[in-house]
Each structure stands twice: as structure tokens, then as C-alpha cells.
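> Attaching a predicted model along with its sequence, questions to come.
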Amino acid sequence: MKRVITYGTFDLLHYGHINLLRRAKEQGDYLIVALSTDEFNWEQKQKKCYFSYDQRAALLEAVRYVDLVIPEQSWDQKRTDVHEYHIDTFCIGDDWEGEFDFLREEGVEVVYLPRTPEVSTTQIKADLNGNL
């Protein structure tokens, strides 16, 4: 079984997220999503989420492409995760191009997937804040 992992916040889940999850799942048989915790988002990314970690995890668990959701609590856990979960392929959006190439040293294929250009959580939040 080929195991794939991706990481993200996945706040205000939208069709761009679904496209990413579908394409990540196409890379293998079992997709793990490492979902940024509320604390990690605030303390490390300076992001405030609309939905809590538990709500975002429940949404992701309902997506047919996702087999397992785990918490992302630090930037550094990726090396540990690929070994702990026996990962074959690491997938993430191409806006991170080159940032995770170091995982190849761990024996993991690294794939940067094209984002869905016409949608982003940042833009949705801006629109909802009155910039429609």
C-alpha cells in the first residue's frame, strides 16, 4: 500500500481544498492529512481560524479522499511523521515549491501540486469581510 501525507490548515473547506485532496489521494492508496492545530496556527503561522481544529478535522474526515487526520503541532514534525506513518509520498500545494525537498533525504517522494488558482481561503475571508 502506498501511503501519502499532506499538511494544511483547511479552514473554510472549499473546492480548491477538495481538488488538492483528490490529487494527493491519486498519488497512492492511503491519504493522511496532518491538520494544523489551533495553537500551531496562531503561535507559528499567526493565523486565526474560523473553525476550530475539531470542526476542521470533522470536515476533513467526511471527505472521501481522506483516510486519516492527525494533528500538525510544529514545523519540525514532518521528518518524524514520514517515518512514524511509513509515508511514501509527501504532497503539498505548489506555493511551497522547494520548501520540503529535504524529505527526499528520508526516502520520500515529494510532489508539489498545482493550486486551484481562482479560490483561496484568504480571498474568501476578504470577500466575507465586505470586499465583495
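All right, it came through fine.
> was I right about residue 106 contacting residue 82?
Yes - here residue 106 reaches residue 82: they are 5.2 Å apart, a contact under C-beta atoms under 8 Å. For every residue, glycine as well, the C-beta is placed using N, CA and C.
> of these two, who's got more company?
residue 82 (19 against 15; other C-beta atoms under 10 Å).
> Which stretches in this protein count as helices?
In the chain, the helices defined using DSSP state H lie at 15-25, 38-45, 53-61, 77-84, 121-126.
> what's the weakest-modelled helix or strand in this protein?
helix 121-126 (a mean of 67; mean pLDDT, DSSP states H and E).
> if we can go back for a sec, now the helices of the chain in TSV, please, with extra columns for distance to residue 32.
Formatted as TSV, the helices of the chain follow (distance: least, C-beta to C-beta, whole Å):
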stretch	distance to residue 32
helix 15-25	9
helix 38-45	17
helix 53-61	11
helix 77-84	8
helix 121-126	21
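> if we compare the ones you listed, which one ends up closest to residue 91?
The closest of the helices of the chain to residue 91 is helix 15-25. By C-beta to C-beta, the value is 4.1 Å.
> Sort out which residues of that closest one are buried, please.
By 16 or more other C-beta atoms under 10 Å, the buried positions in helix 15-25 come out as 16, 17, 20, 21, 23, 24, 25.
> so where's the protein uncertain?
117, 119, 121-122, 124-128, 131-132 (pLDDT under 70).
> So what's the residue count around the closest residue to residue 16 other than its chain neighbours?
Nearest non-adjacent residue to residue 16, counting by C-beta to C-beta, 6 or more residues apart in numbering: residue 116, 3.6 Å away. Residues lying near residue 116 (other C-beta under 10 Å) number 16.
> thinking again about what came up before, of the buried residues of helix 15-25, closest to residue 101?
Taking C-beta to C-beta as the measure, residue 101 lies nearest residue 24 of the buried residues of helix 15-25, at 17.4 Å.
> So that closest one sits against residue 8, correct?
No - Residue 24 lies out of contact with residue 8 (C-beta under 8 Å); the separation is 10.1 Å.
> I'd guessed the residue nearest to residue 16 sits against residue 19; true?
Yes - between residue 116 and residue 19 there is a contact under C-beta under 8 Å: 4.9 Å.
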